[in-house]
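Enquirer: Provide a 3D model corresponding to the input given below.
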Amino acid sequence: MARYTGPKSKVARKFREPIFGADKALEKKNYPPGQHGLTKKRAKQSEYAVQLMEKQKVKYTYGILERQFAKIFNRASRAHGITGEVLLQLIEARLDNVVYRMGIAPSRSAARQLVGHNHITVNGDLVNIASYTLKPGDVVAVREKSKVLEVITNNVAGAANQYPWIEFDKTKLEGKFTSMPQRTQIPENIKEQLIVELYSK
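Expert: Numbers count the residues shown, from 1 in each chain. All right, here's what the predicted structure looks like:
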C-alpha cells in the first residue's frame, strides 16, 4: 500500500479530531464523512473496531505504513517499560517527526519530503531515511546548502520550541534530540493501550 495522499479533511472527520492540524472543514462538519454521516444511526462499535480505529489514527497522524508500524510495535514489545509508552516514544524519535517538531517543516509529510530530498543531517552526516530512529544526544540540522530554502526559513520564523525533549537554535537551524519524551509530554490524543490490546489478541 502506498502512503495516503487523499483528502485529509475526510480522514480528520472520520476520527473527529484535527490529526493533520487545524481544519476548517472539521469545524464546520464535526461528523463522519459520507452520504449519511449526519443522519445515519451508527451501530455500536465492537471492541476490535475501536482498537483498530486507534491504530489507524496513529498511522495517519504520523504518516506510517502498516509494515513500518508492525516493526515499531515489535521493537516496543521487546523493550523494557510500558509497551504503549515505548511505542509512542519510538514513533516520536523518527527523524521526520523530529524535523516537524523542531519547526523546520510545517507538517510531517513536508518533513518527510525534506529528509528524502537530502536537506537534513544527523550528527553532521546526510540522512535521507525518514524512518531513521534518533537516539538521545543526536544533533539534527539543515544542510548548509539548504538553509536558504523558503519553506524552511518561513516555517522556522513562525515556530515556537514547545517540546521539552528537543532543543533548537533558529539562527543555526540546528537542534538536539535531548531525550525520549515522557508520555505526558506528547500532545497527541492517543489511547495507546488500545493498540497494545489489539496486537495481543
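Enquirer: Name the surrounding residues that touch stretch 135-146.
Expert: For stretch 135-146, the surrounding residues in contact (C-beta atoms under 8 Å, 6 or more residues apart in numbering) are 93, 95, 98-99, 102, 104, 114, 118-124, 126, 134, 149, 152, 172-180. (Glycine included, C-beta is placed from N, CA and C.)
Enquirer: among those residues, which are in helices?
Expert: Leu95, Val98, Val99, Leu114, Ile152 (DSSP state H).
Enquirer: Kindly provide the distance from Glu47 to Glu54.
Expert: 11 Å (C-beta to C-beta, to the nearest Å).
Enquirer: Would you mark the buried spots in stretch 86-96?
Expert: Val86, Leu87, Leu88, Gln89, Leu90, Ile91, Glu92, Ala93, Arg94, Leu95, Asp96 (16 or more other C-beta atoms under 10 Å).
Enquirer: Can you verify the second one is assigned to a strand?
Expert: No - membership of Leu87 in a strand is not supported by DSSP: H, G, I helix; E, B strand; the rest coil, which gives helix.
Enquirer: Just give the nearest non-adjacent residue to it, would you?
Expert: Ala76 (4.0 Å; C-beta to C-beta, 6 or more residues apart in numbering).
Enquirer: Can you give me the end-to-end span of stretch 185-201?
Expert: 29 Å (C-alpha to C-alpha, to the nearest Å).
Enquirer: do the same with stretch 75-84
Expert: 11 Å.
Enquirer: out of the contacts of stretch 135-146, which are buried?
Expert: Burial by neighbour count, judged by 16+ other C-beta under 10 Å, picks out 93, 95, 98-99, 102, 104, 114, 119-122, 134, 149, 152, 173-177, 180 from the contacts of stretch 135-146.
Enquirer: Okay, and which of these map to strands?
Expert: Counted as lying in strands by DSSP state E, out of the buried ones among the contacts of stretch 135-146, are Ile120, Thr121, Val122, Glu174, Gly175, Lys176, Phe177.
Enquirer: and the protein, what are its domains?
Expert: Following automatic domain parsing, one gets these domains for the chain: 8-90+188-199, 94-179.
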